[in-house]
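Undergrad: Compute the structure for the input listed below.
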Amino acid sequence: MNSQSIRFCAVIPAPFGVMGIRTESDLLQELVYLPPNYALRSPATACAKQAARQLQHYFDDPAFQFDLPLALQGTAFQHKVWKAIAAILLGQTLTYGQIARQIASAPRAVGQACGANFYPLIIPCHRVTAANGLGGFANQGDANSYPLQIKRWLLTHEGVDD
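TA: The predicted model follows:
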């Protein structure tokens, strides 16, 4: 077994690479975008199996609605941002500035909360873009970065032209 995968309860293939799934006490702790060469690992817990099944459903159908037991993570501010993000409908995007205006904050703070999201796809931070383009993703801003390739794939999968 590759030592890379030890920290995850599962590492599953995704159309854009692989996803790491971390669980604890029957709760989903975190989903992580990983590069394509990361070692796969079969789900080791019931929660990881459930998460893997639901992620596959989303990869097959972007309208799939997740129903997973989530661990409480993040600050009160991050929860406010994540709630606003979770309200963005499939096939739509909002800018960091639009979210910031909704919650009386600043675009940079919204971007930082997006980058701290423990549950990508479930809380669809990929639906938040910059005012003049795609913006960053997973704390990456380089247009050719692997995370931005994932963001492009997710938006295309959901019917958003970038």
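Undergrad: From now on I want contacts and neighbour counts done on CA atoms only, so please keep to that.
TA: OK.
Undergrad: pretty sure Cys47 contacts Asp26?
TA: Yes. Cys47 is in contact with Asp26 according to Cα atoms under 8 Å; the separation is 5.5 Å.
Undergrad: Counting neighbours, which bits of whichever strand or helix holds Ala52 end up buried?
TA: Element membership for Ala52 (DSSP states H and E) is helix 46-60. Buried positions in helix 46-60, judged by neighbour count with 16 or more other Cα atoms under 10 Å: 47-52, 54-56, 58-59.
Undergrad: Report the rounded mean pLDDT for it.
TA: In this model, helix 46-60 has a mean pLDDT of 97.
Undergrad: what's downstream of that helix, the next helix or strand?
TA: Stepping forward along the backbone from helix 46-60, the first helix or strand reached (DSSP H and E) is helix 76-86.
Undergrad: CA atoms only: put that next one into CSV for me.
TA: Output of helix 76-86 as CSV, limited to C-alpha atoms (Å, rounded to 0.1, in the frame of the first residue of the first chain):
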residue,chain,number,x,y,z
ALA,A,76,-19.1,31.1,12.1
PHE,A,77,-18.0,33.3,9.2
GLN,A,78,-17.1,30.3,7.1
HIS,A,79,-20.5,28.8,7.8
LYS,A,80,-22.2,32.0,6.6
VAL,A,81,-20.2,31.9,3.4
TRP,A,82,-20.8,28.2,2.9
LYS,A,83,-24.6,28.6,3.4
ALA,A,84,-24.6,31.3,0.7
ILE,A,85,-22.6,29.1,-1.6
ALA,A,86,-24.9,26.1,-1.0
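Undergrad: who's in contact with it?
TA: With Cα atoms under 8 Å, 6 or more residues apart in numbering as the contact definition, helix 76-86 has outside contacts at 99, 102-103, 110, 113-114, 116-117, 122-125, 127-128.
Undergrad: Good, we can wrap up now.
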